[in-house]
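Asks: Coordinates for the following, if possible.
(chains A and B)
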Amino acid sequence: EAGVAQSPRYKIIEKRQSVAFWCNPISGHATLYWYQQILGQGPKLLIQFQNNGVVDDSQLPKDRFSAERLKGVDSTLKIQPAKLEDSAVYLCASSLEIYGNTIYFGEGSWLTVV
Amino acid sequence: SQQGEEDPQALSIQEGENATMNCSYKTSINNLQWYRQNSGRGLVHLILIRSNEREKHSGRLRVTLDTSKKSSSLLITASRAADTASYFCATDQAGTALIFGKGTTLSVSS
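Replies: The predicted model follows:
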């Protein structure tokens, strides 16, 4: 069974530029998550989708971050304009059910903003 | 917001020794999970324990949960160099996604 796929793996951009990350979850997983992990910290939930609907985006900085999951499968996370403090690993994850079960993570997309 | 908090922040042991990490959380939970993250990689699920369970085992892993103290512990027995990683506890409440702690960094030297 293929895992959660993410791209690109690494990205370096200048502040005020934009960047987009792509995620393909495990086949059949209805729930998709984007987490932000700053170096030395645990992952922080940015947004959770159930199929193509948003369940929780309370910690997404909506003035600069956006995410979509149009057909209920793949998802993209966009940052525009990027700030220095956005330097982090962006982890996509998926799960079979919406709550109370194992979450499967991708390898992450490493963003450095200079 | 951070729900769980792992202790210690860092742990260094020799191969063959046992490693114990603790997690404390603030509010009632439905489930508690432990994940491992190797350097530069994504997180890998280790074990899930539900609020009505007290102990679970998986291979060399033993997890305990004490809901009265709002705490959990992860024991890795007979540690190997390959166990070197960061370990995170994560909790969920009714109607919420997993919230992760800051993690314990384990270093196992041979």
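Asks: what does chain A put close to chain B?
Replies: Taking CB under 8 Å from any CB of the partner chain, the part of chain A that reaches chain B is made up of A:4, A:33, A:35, A:40-45, A:48, A:55-56, A:91, A:93, A:99-108. Bear in mind the C-beta positions are built from the backbone N, C-alpha and C, glycine included.
Asks: Buried among those residues? Make that a PyMOL selection.
Replies: Entered in PyMOL, the line below selects the buried ones among the residues of chain A next to chain B, by 16 or more other CB atoms under 10 Å in any protein chain shown:
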select buried, chain A and resi 4+33+35+42+43+44+45+48+55+56+91+93+99+100+101+102+103+104+105+106+107+108
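Asks: Next step: the residues of chain A next to chain B restricted to strands.
Replies: A:33, A:35, A:44, A:45, A:48, A:55, A:56, A:91, A:93, A:104, A:105 (DSSP state E).
Asks: Other residues contacting stretch A:9-25?
Replies: For stretch A:9-25, the surrounding residues in contact (CB atoms under 8 Å, 6 or more residues apart in numbering or on different chains) are A:4-8, A:32, A:34, A:73-84, A:90, A:92-94, A:106-114.
Asks: Span of that stretch from start to end?
Replies: 15 Å (CA to CA, to the nearest Å).
Asks: Could you pull up the mean pLDDT of it?
Replies: For stretch A:9-25, mean pLDDT rounds to 98.
Asks: which non-adjacent residue is nearest the spatially most central residue of chain A?
Replies: Centroid check for chain A by CA atoms, centre = their mean gives residue A:34 as the closest residue, at 2.9 Å. Distance criterion CB to CB, 6 or more residues apart in numbering or on different chains; nearest residue to residue A:34, sequence neighbours excluded, is residue A:46 at 4.5 Å.
Asks: Now for that neighbour, how many residues are close by?
Replies: Residues lying near residue A:46 (other CB atoms under 10 Å in any protein chain shown) number 20.
Asks: Quick check: it touching residue A:58?
Replies: No. In this structure, residue A:46 is not within contact of residue A:58 by CB atoms under 8 Å, at 9.5 Å.
Asks: Give me the pLDDT value at residue B:1.
Replies: 50.
Asks: which residues touch the helix-or-strand element of chain B with minimal mean pLDDT?
Replies: Within chain B, no helix or strand scores below strand B:5-7, which has a mean of 87 by mean pLDDT, DSSP states H and E. By CB under 8 Å, 6+ apart, the residues outside strand B:5-7 that reach it are B:21, B:22, B:23, B:24, B:25, B:87, B:88, B:89, B:101, B:102, B:103, B:104.
Asks: Excluding chain neighbours, what is closest to residue A:83?
Replies: In space, residue A:83 is closest to residue A:15, 6.0 Å off (CB to CB, 6+ apart).
Asks: For residue 89, list each beta-bridge partner.
Replies: In the absence of a named chain, chain A is used. Beta bridges link residue A:89 to residue A:37, residue A:110, judged by DSSP bridges.
Asks: ah, no, chain B please
Replies: Assigned bridge partners for residue B:89, using DSSP bridges, are residue B:34.
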